[in-house]
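Chemist: Quick one: sequence plus predicted model below, questions after.
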Amino acid sequence: MLLTIDIGNTNITLGLWDGHVWQRQWRLSTVHEKTADEYGLLLRGLLAEAGETAVIDHVIFCSVVPVLSQTFIQASRSYLACNPIEAGIHLDLGIQILTDNPAAVGADRLVNALAAHKLWGESAIIVDMGTATKLDVVTAAGAFVGGVIAPGLRLAADALSGRAAKLSHVALEAPPHTLGRNTIHAMQSGLIFGYVSLIEGLLQRLQQEHPDQQRPIRVIGTGGLIDLITPHTTAITHVDPWLTLTGLRLIHERLTR
C-alpha cells in the first residue's frame, strides 16, 4: 500500500493507493506547529479508520512547507516504519523543467505538471486553487515552462475583511447575481466572480503565449478551492481535485519500476 502526502501551506492532502485504485483520500488543515509525534499519531489514526494500519509499504510526499518536510520524514519512519521519498527537483521526475531557475519551482507545481503530462499527454494549463492561485503551462512533449502565481481566493477574502473596517468575513460562495445589492453579496461577487474573471483572463493570455498554441490546450482545475470556481466558467475543461496525489503516485511508480 502506498501513502501519498501533499503538504501545502493551508491544507495537507493524503491518499491511500492499493496498486489499482484510491482506497481513501483526506484533506486536513495544515498546522505548522505540530510535532512529528502528533502527525505520526494522526497518520496512524487515519489509517486505522481506513483499516490499513499495518500494510503501508511506501510513503511519498511533496512539500512547500520546509519545516514540515522533516516532520513528516520523522513521523513516517517512527510511526509507519517507512523511509519516505520526497518529490522534488533532485529526482528524475520524467518531465523537462524549462524555467529560469528550476530549483525555485514549488514541488507541487512540478508534480502537477508530471500528472497532467502522463494522464493526458496533451498541451495543458493547470489551474491550482489553494493558498495561492497558480496557472502552470505544460507542453505536449512534457515540459514545464512556467506559469502565473496570484494570491489565493481565501487569502484575498481574509485581506479584504482584515484591512477594511466596515467589511466583515463572508462565506466563500457565489451570490445570486453579479450585481450585489447588499455588502455581503457585493463582496461575494467580487471574490467569486472576480476570480472567475481573473482566471479566464489569464487563461486567454497564457493560451496566446503557450509554446503549443497551435494545438488544442486542455485546462485542468485542481486544488481545495477549485469547486468554488468551476460552476461559473466553461474555461476549465477538466477537474481533478486530487491531481497532486496522482502525480506523486506516478512518480513513485517511475522510481520503483
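Modeler: In hand now; what should we look at?

Chemist: going forward, measure contacts between C-alpha atoms and count neighbours the same way
Modeler: OK.

Chemist: which stretches of the stretch 151-257 of the chain form strands?
Modeler: Ranges of strands within the stretch 151-257 of the chain are 217-222, 238-239, based on DSSP state E, counting those that start in this stretch.

Chemist: could you dump the ones you listed to JSON lines with mean neighbour count, mean pLDDT and distance to Thr133?
Modeler: Shown next, in JSON lines, are these (neighbours: other Cα atoms under 10 Å; pLDDT from 0 to 100; distance: least, Cα to Cα, whole Å):
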{"stretch": "strand 217-222", "mean neighbour count": "22", "mean pLDDT": "97", "distance to Thr133": "10"}
{"stretch": "strand 238-239", "mean neighbour count": "16", "mean pLDDT": "96", "distance to Thr133": "15"}
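
Chemist: so can I have JSON lines of those strands showing distance to Asp37?
Modeler: Below are these laid out as JSON lines (distance: least, Cα to Cα, whole Å):
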{"stretch": "strand 217-222", "distance to Asp37": "30"}
{"stretch": "strand 238-239", "distance to Asp37": "35"}
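
Chemist: gap between stretch 126-143 and the chain center?
Modeler: 9 Å (Cα atoms, centre = their mean, to the nearest Å).

Chemist: how far does that stretch stretch from start to finish?
Modeler: Terminal residues of stretch 126-143 are spaced 13 Å apart (Cα to Cα, to the nearest Å).

Chemist: List the buried residues for that stretch?
Modeler: Buried residues in stretch 126-143, counted by 16 or more other Cα atoms under 10 Å: 126-140, 142-143.

Chemist: Stretch 200-218 too?
Modeler: Quick answer for stretch 200-218 (16+ other Cα under 10 Å): Glu200, Leu203, Leu206, Gln207, His210, Pro211, Asp212, Ile217, Arg218.

Chemist: now stretch 36-55
Modeler: Ala36, Asp37, Tyr39, Gly40, Leu41, Leu43, Arg44, Leu46, Leu47.

Chemist: contacting residues around Ile226?
Modeler: Applying Cα atoms under 8 Å, 6 or more residues apart in numbering to Ile226 gives the contacts Asp128, Met129, Gly130, Pro241.
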